[in-house]
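*Asks:* would you be able to build a 3D model of this:
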Amino acid sequence: MVQNQESFPFCENCAFQINAIFRHLSKDESDRLNFIKAFRTFKKGTILYKEGSRISGFYCINKGLIKVYKTGPDGKEQIIRFAKPGDIIAYRSVLSNEPACTTAKVLEDCRVCFLPSDILPQLISSNSVFALELVKLICQELGEANSYITDIAQKTVRERLAEVLLKLVNDFGLTENKTLRISLTREELANIVGTATESVIRLLSEFKSDGLIELSGRKIIILDIKGLEKISNFSH
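*Replies:* Residues are numbered from 1 along each chain as shown. You can find the predicted model right below:
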């Protein structure tokens, strides 16, 4: 598909606008990315890749929201992260030359750039600043995974739900009326927290009764951040 110049995201501009890791590339490296990448648009509900599949490249998110998750033996999803503009996904499978360890599903209509596998090791080899920033990104994601394992082992479901709500505030922000800018189903919230959907529904009702939040369909209005922080021991 031919993209017009207005809609096509040129790396040298896009990377700085959405704070992507590619802002650390030289002009020549950005030009090369523009030449080899495939710019694609996907509708809500589209699966970009599936766990266990072989993938030939990785993605940089330009617009929209993508859910990255693993599937347990019982078919239940465990949400790993939400990829938003500026994020890259599937790069670890590219680096390790292994099948995809997660599945990626579009939650909001998105625009992404698909980059072939061989470009990543080339950039790591030629650009030390880019390589260091990529290592930092991997360490950050590893730290988040370690924190999640600790939370599962040491925190109650109530504490974990409060922490998840605060993390969503931190990652996506609130509207003027204090509504979370990301809208998730109760099942998706449960899949982040690591519990049954029924438990999340019950706890959200308790949080509402306690004056911590207000509910409007799938939308969650945050009324008392300090109260949620007290429950969760959350730190930014």
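*Asks:* top helix in the chain by residue count?
*Replies:* For the chain, the longest helix by residue count, based on DSSP state H, is helix 128-154.
*Asks:* and the helix or strand that it is followed by, what does it pack onto?
*Replies:* Using DSSP states H and E, the helix or strand that follows helix 128-154 in sequence is helix 157-172. Judged by 3 or more CB pairs under 8 Å, 6 or more residues apart in numbering; DSSP states H and E, the packing partners of helix 157-172 are helix 128-154, helix 186-193, helix 197-209, strand 219-222, helix 225-232. Quick note: C-beta positions are derived from backbone N, CA and C, even for glycine.
*Asks:* repeat that for 10 Å
*Replies:* strand 77-83, helix 128-154, helix 186-193, helix 197-209, strand 219-222, helix 225-232 (3 or more CB pairs under 10 Å, 6 or more residues apart in numbering; DSSP states H and E).
*Asks:* now that helix against helix 128-154, angle please.
*Replies:* Orientation check (axes from the mean of the first three to the mean of the last three CA atoms, to 10 degrees): helix 157-172 against helix 128-154 gives 160 degrees.
*Asks:* what comes up buried for helix 157-172?
*Replies:* 157-169 (16 or more other CB atoms under 10 Å).
*Asks:* which of the helices or strands spans I124?
*Replies:* Using DSSP H and E, I124 falls in helix 119-126.
*Asks:* run through who's touching that helix.
*Replies:* Residues from elsewhere that reach helix 119-126 (CB atoms under 10 Å, 6 or more residues apart in numbering): 21-22, 24-26, 28-29, 32-33, 36-37, 57-58, 88, 91, 94-95, 97, 115, 130-132, 134-135.
*Asks:* please repeat the previous calculation with a cut-off of 8 Å.
*Replies:* If you take CB atoms under 8 Å, 6 or more residues apart in numbering as the criterion, helix 119-126 is touched by 25, 29, 32-33, 36, 57-58, 91, 94-95, 130-131, 134.
*Asks:* where does this structure dip in pLDDT?
*Replies:* 1-6, 234-236 (pLDDT under 70).
*Asks:* any idea how far stretch 217-230 is from the chain center?
*Replies:* Computed by CA atoms, centre = their mean, to the nearest Å, the chain-centroid distance of stretch 217-230 equals 21 Å.
*Asks:* so who does T185 touch?
*Replies:* Applying CB under 8 Å, 6+ apart, the residues near T185 are R218.
*Asks:* to clarify, my last question referred to Q78.
*Replies:* Counted by CB under 8 Å, 6+ apart, Q78 has contacts Y69, K70, T71, G72, N191, G194.
*Asks:* tell me the one of the residues you listed nearest R111?
*Replies:* Y69 (21.0 Å; CB to CB).
*Asks:* so that closest one belongs to a strand, correct?
*Replies:* Yes. Counting by DSSP: H, G, I helix; E, B strand; the rest coil, Y69 is part of a strand.
*Asks:* who's in contact with stretch 142-156?
*Replies:* By CB under 8 Å, 6+ apart, stretch 142-156 touches R81, E159, R160, E163, G194, S232.
*Asks:* need those residues in CSV with distance to A145, can you?
*Replies:* Shown next, in CSV, are those (distance: CB to CB, whole Å):
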residue, distance to A145
R81, 10
E159, 18
R160, 15
E163, 15
G194, 13
S232, 18
